[in-house]
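[1] Starting from these lines, generate the structure:
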Amino acid sequence: MGTETEIKFEVSPGDLQKLAASRSLRPSDGQLVEHRHLVSTYFDTSDHTLRRNGISLRIRRAGKKRIQTIKTSANGVAVERNEWEKRIDGDEPDLRAARGTPLQRLLSKRSKRDLDAVFSTHVHRTLVPLRPGNSRVELALDEGHIRAGLYSSPLAEVELELKSGSIGDLFKTARMVAKLVPARLALKAKSQQGYDLITDQATASVSAARIVLPAKPTLATAFQAIGRSTLHHVAANEPAVLAGLPEGVHQMRVGVRRLRAALWVFSDLLRCKQTESIRSDLKWLSGKLGQVRDLDVFLTTRVKRLEAADPPIAGLGDLVAELEYRRAVAAEAAKTAIASARYRMLILNALEWIEDGAWLRLRPALREQRIKPFAAKLFTRRVAKARKRAKDIGKLSVHDRHKLRIAMKKLRYSIYFFESLFDGHASRKALARYKDCLGSLQDNLGALNDIAVHQRMVTRFRNDIESRKSEPVAFAAGAVVGTERSETEKLLAAAEAAARRLQRAGEFWS
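    Numbering: from 1, shown residues only. A predicted model of the protein is given here:
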């Protein structure tokens, strides 16, 4: 087994040419640039068993040479992946070489018979050997296409692979590339892009993946696993946000919140200037996404549901048009933010911070602390505070309910981060009950918060509406908010019931 350490970027074909011509990326030590034509064929079963298990199997052809490679998918954004390579004689997989790899357990007699080529990549690769610092980095400029039957999609990527030396030098080279062209961190391997072509899901929104912490994790390794997963949740939704999909905006916003919650959980470990810079950029991104999401929720969960009201609400159609216009403006601002250099550098900076941040060279005793006792103490402390705050939900002000909701959200995210540590049989039922209580409480508090947000939203643009003498729109907005207010009592009762269940819930972490 080998481990490849690399950073990949998506670029345009024109940017590939610019990088190839750059004086900053010339070979060192008298070495020469190499050019190769590579054809890689990927294999899977008809129901994509390998893909569902996070494994890829390919045969790469370069001239007369055939190399079979088995790879495992990374858990989130990561610069390291495990791979098993072997030179073979033909164009069909040599499954004997799968012994001792994760692929072996999937190879039943049926799956072996069903294994077939599913797509291929055709790439012209320009290889440039670089020597940043005391390290050796191989720069690969790939241009070509992915082909699946009658369908194909273009491919233009930059790969930076660390051959020897420090990961810091790898990131220095990545920054050089990012300064020369508007490169975007590539999250999808060529295999994933091929499956997207088959399933036509290149712009689909991406939900959070389950976090599985490594065996015997320390605070440092646990944060890195959580950081990679949450950063992937953010960046994987770029295509969906740029395509204007509401669910893409929602999922990216949730990803940002999860990453900010991780900063809160590990605040003592991560304390440094680099962390504050990441925190500031995440707050900026959250603000850009929040405006769109608030309008989406108001439109879809409130306003449009009243279009079938009997009798009809005067001015509701005009209100829908007003909100859709405002949503379009906010969505365009979010797209502009995602397309900006600030966002591109935020993703690269965050990855470097996770993998090689200054915090990794500070506070060694805390860094090496075992995560399970840390998580247990965190839950004991935070649950006690949450229960205390939730005792009198019905008497809390709107502001205090909002603070309680944020506290519950952070607690829920913390459980999500660490639940793989407590998935034994004895803890599983208690954990499920706890998640159910927190989910119910957070949902009801969230609905109450939405009502407050919608009231403020209507108040903010009412003067603008009135200045345009659009009284029907103002009337309809008031009517919608009025229907929401009528739900407050019911939501408060449901939140109080969830809080009582939380008070009785047994500890899953003890």
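
[2] shaky segments in the chain?
    Across the chain, the ranges flagged by pLDDT under 70 are 1, 75-76, 202, 425-426, 461-470.

[3] where do the strands sit along it?
    2-10, 34-44, 55-62, 65-72, 80-87, 116-130, 136-148, 151-164, 184-185 (DSSP state E).

[4] in its sheet, what does the longest one sit against?
    Spelled out, it's strand 116-130. Strand 116-130 has its sheet partners listed here by DSSP bridges as strand 34-44 (antiparallel), strand 136-148 (antiparallel).

[5] so which of those strands is the most packed in?
    strand 136-148 (a mean of 20; mean count of other CB atoms under 10 Å). (C-beta placed from N, C-alpha, C; glycine too.)

[6] follow-up on the earlier one: tell me which of the strands of the chain approaches Thr203 most closely.
    Closest approach to Thr203 among the strands of the chain (CB to CB): strand 151-164, 12.2 Å.

[7] tell me which residues in the closest one are buried?
    155-162 (16 or more other CB atoms under 10 Å).

[8] what would the residues you listed look like in JSON lines with distance to Leu127?
    Shown next, in JSON lines, are these (distance: CB to CB, whole Å):
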{"residue": "Leu155", "distance to Leu127": "16"}
{"residue": "Ala156", "distance to Leu127": "16"}
{"residue": "Glu157", "distance to Leu127": "13"}
{"residue": "Val158", "distance to Leu127": "12"}
{"residue": "Glu159", "distance to Leu127": "10"}
{"residue": "Leu160", "distance to Leu127": "11"}
{"residue": "Glu161", "distance to Leu127": "10"}
{"residue": "Leu162", "distance to Leu127": "14"}
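
[9] dump the residue contacts of the nearest residue to Leu378 once chain neighbours are set aside.
    Closest residue in space to Leu378, ignoring its immediate chain neighbours: Ser414 at 6.2 Å, by CB to CB, 6 or more residues apart in numbering. Contacts for Ser414 (CB atoms under 8 Å, 6 or more residues apart in numbering) come out as 261, 265, 375, 378-379, 382.

[10] circling back: adding distance to Pro217, write the strands paired with strand 116-130 out as CSV.
    Output for these, formatted as CSV (distance: least, CB to CB, whole Å):
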stretch, distance to Pro217
strand 34-44, 32
strand 136-148, 29
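
[11] Looking at these, which is nearest to Ser277?
    Nearest of those (CB to CB): strand 136-148, 25.0 Å.

[12] Pull the distance from that closest one to the chain's centre.
    24 Å (CA atoms, centre = their mean, to the nearest Å).

[13] For the residue nearest to Lys65 when sequence neighbours are not counted, give me its contacts.
    Spatially, and ignoring its direct neighbours in sequence, Lys65 is nearest to Arg87 (6.9 Å; CB to CB, 6+ apart). Arg87 is in contact with 65-68, counting by CB under 8 Å, 6+ apart.

[14] Now which of those residues would you call buried?
    66, 68.

[15] Turn the contacts of Arg87 into TSV, including distance to Trp509.
    Listed next are the contacts of Arg87 as TSV, based on distance: CB to CB, whole Å:
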residue	distance to Trp509
Lys65	53
Arg66	51
Ile67	47
Gln68	45
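
[16] For Leu441, state which of the buried residues of strand 151-164 is nearest.
    Glu157 (44.8 Å).

[17] Quick check, that closest one in contact with Ile7.
    No - under the criterion of CB atoms under 8 Å, Glu157 is not in contact with Ile7, lying 10.9 Å apart.

[18] Next, work out how far apart the residue nearest to the spatial centre of the chain and Ile167 are.
    The residue lying closest to the centre of the chain (CA atoms, centre = their mean) is His233, at 1.0 Å. Per CB to CB, to the nearest Å, His233 is found 23 Å from Ile167.

[19] Same question for Leu289.
    30 Å.

[20] Does anything pack onto the helix of greatest length in the chain? Which helices or strands?
    Ranked by number of residues, the top helix in the chain under DSSP state H is helix 425-467. Packing partners of helix 425-467 (3 or more CB pairs under 8 Å, 6 or more residues apart in numbering; DSSP states H and E): helix 273-297, helix 316-338, helix 398-418, helix 471-485, helix 488-504.

[21] Output the strands of the chain in JSON lines, with distance to Gly357 appended to each entry.
    Converted to JSON lines, those look like this (distance: least, CB to CB, whole Å):
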{"stretch": "strand 2-10", "distance to Gly357": "15"}
{"stretch": "strand 34-44", "distance to Gly357": "34"}
{"stretch": "strand 55-62", "distance to Gly357": "29"}
{"stretch": "strand 65-72", "distance to Gly357": "25"}
{"stretch": "strand 80-87", "distance to Gly357": "16"}
{"stretch": "strand 116-130", "distance to Gly357": "23"}
{"stretch": "strand 136-148", "distance to Gly357": "20"}
{"stretch": "strand 151-164", "distance to Gly357": "17"}
{"stretch": "strand 184-185", "distance to Gly357": "16"}
